[in-house]
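K.L.:
Predicted model, plus sequence, below.
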There are 2 protein chains.
Amino acid sequence: MPVRTRRKNPRRAVATETAAHGHRRTRMDHAQELAEDYVELIDDLIQKCGEARAVDIARHLGVTHVTVTKSIARLQNEGLVTSAPYRSIFLTDKGRLLARRARERHRLVLDFLIALGVPRNDAEIDAEGIEHHISPRTLDAMKRFLKR
Amino acid sequence: MPVRTRRKNPRRAVATETAAHGHRRTRMDHAQELAEDYVELIDDLIQKCGEARAVDIARHLGVTHVTVTKSIARLQNEGLVTSAPYRSIFLTDKGRLLARRARERHRLVLDFLIALGVPRNDAEIDAEGIEHHISPRTLDAMKRFLKR
DNA sequence: AACAAATTGTAGTATATGCTATATTTTAGC
DNA sequence: GCTAAAATATAGCATATACTACAATTTGTT
Ligand SMILES: [Mn+2]
Ligand SMILES: [Mn+2]
Ligand SMILES: [Mn+2]
Ligand SMILES: [Mn+2]
């Protein structure tokens, strides 16, 4: 067990505001990323299957249908999707827009990782998490790398 | 409003298990990332200030000290830190190990983004989120890029 | 049309992370 | 040593995301 010394000299606040920035941004990214994954997947399902059903979303995300139902309710409140009881899920214009932007960024991140030399399987898994923390500046840098 | 058609032909389950993989991994990463950020910061504070106090952690992360207290309780349950009432926070051996690994990875991701041409400010913010979704394979690829 | 299977809804629960407001304790300055 | 400020603790609350268990509805097949 470590010795517990009492503090003696209150050090002046080390530059914290800048550090807090990054963490705040990450927390905001996380609040947004479920929405991005959902609308991207819903858009995919509609194109591939003709419609997006809760059960398919659940299987794709690896969660139960109950979790999907609750999340969809949140997305509906935010104006990203529409849904009616016992019916499949649709994207609003706003949702479709977010889906397209999310997919583009996702694809670019994936292509970038592969171009960097990451094995496809690992690249796919990592991209699923990384994609939500990419600022426009970093996206630009990845684009430049792909064009090199 | 979109037309709500009833489903006609239940499509066979599109390959879902592989897709679910990435999402499951991302959720696991998120469960781990608060721990990583905390122990890394605590290690920093101990080195720079001699000790890690809840109020400093709070300022660095941009949350209230109450949030820090609760999170520290969780980390203590997981054996990463020790704490006593009205005393500063210490890392266990396990916590120190995680902190060192997290910092190394964090630094590498940051260096990589900068080398890629991302402005330092954006790189610092993005790295804070990205670092937690980097598999060993991707880390290797980044190392190779830095050595190129 | 009736039945079984699939799908969706609902109730109740759990955990993690965040907050404000207030009480307590420690620290620092006099 | 007192006292005020700083730090920490505690109570109460809110939200997001996840689950199991069970009820209701829809769909596909006989
Ligand atoms: Mn994703
Ligand atoms: Mn870090
Ligand atoms: Mn981080
Ligand atoms: Mn993340």
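P.N.:
Perfect, thanks for sending it. Numbers count the residues shown, from 1 in each chain, chains lettered A, B, ... in the order given. Ligands and ions are numbered 1, 2, ... in the order given.

K.L.:
Distance-wise, check the residue nearest in space to the middle of chain A relative to chain B.
P.N.:
Chain A has residue A:33 as the residue nearest its centroid, 2.9 Å off, counting by Cα atoms, centre = their mean. The gap separating residue A:33 from chain B is 8 Å, by Cβ to the nearest Cβ, to the nearest Å. Just so you know, the C-beta spots here come from the backbone N, C-alpha and C atoms, and that holds for glycine as well.

K.L.:
ok, now which ones touch the nearest residue to that residue once chain neighbours are set aside?
P.N.:
Leaving aside its sequence neighbours, residue A:33 sits nearest to residue A:132 (Cβ to Cβ, 6 or more residues apart in numbering or on different chains; 3.8 Å). By Cβ atoms under 8 Å, 6 or more residues apart in numbering or on different chains, the contact list for residue A:132 reads A:29, A:30, A:32, A:33, A:36, B:129.

K.L.:
Nearest to ligand 2, out of the residues you listed: which one, please.
P.N.:
Of all the contacts of residue A:132, ligand 2 sits closest to residue B:129, with 9.6 Å by Cβ to the ion.

K.L.:
correct me, but the closest one touches residue A:138?
P.N.:
No - contact criterion Cβ atoms under 8 Å: residue B:129 and residue A:138 do not qualify, at 10.5 Å.

K.L.:
can you tell if the helix or strand of chain A with the lowest mean pLDDT touches ligand 3?
P.N.:
Least confident helix or strand, chain A: helix A:17-49 with a mean of 94, by mean pLDDT, DSSP states H and E. No - Helix A:17-49 lies out of reach of ligand 3 by Cβ under 5 Å from the ion, never closer than 6.0 Å.

K.L.:
Return the set of buried residues in that helix.
P.N.:
A:19-20, A:22-23, A:25-27, A:29, A:33-46, A:49 (16 or more other Cβ atoms under 10 Å in any protein chain shown).

K.L.:
what about it, near ligand 2?
P.N.:
No - using Cβ under 5 Å from the ion, helix A:17-49 stays clear of ligand 2, with a minimum separation of 8.8 Å.

K.L.:
which residues are in contact with whichever helix or strand comes after that helix?
P.N.:
Once helix A:17-49 ends, the next helix or strand along the chain (criterion: DSSP states H and E) is helix A:54-61. Helix A:54-61 is contacted by residues A:37-38, A:41-42, A:45, A:49, A:64-65, A:67-69, A:72, A:88-89, B:13-14, B:16, B:19-20, B:23 when judged by Cβ under 8 Å, 6+ apart.

K.L.:
Now cross-check those against DNA strand C and list the overlap.
P.N.:
A:65, A:69, A:88 (Cβ under 7 Å from any atom of the strand).
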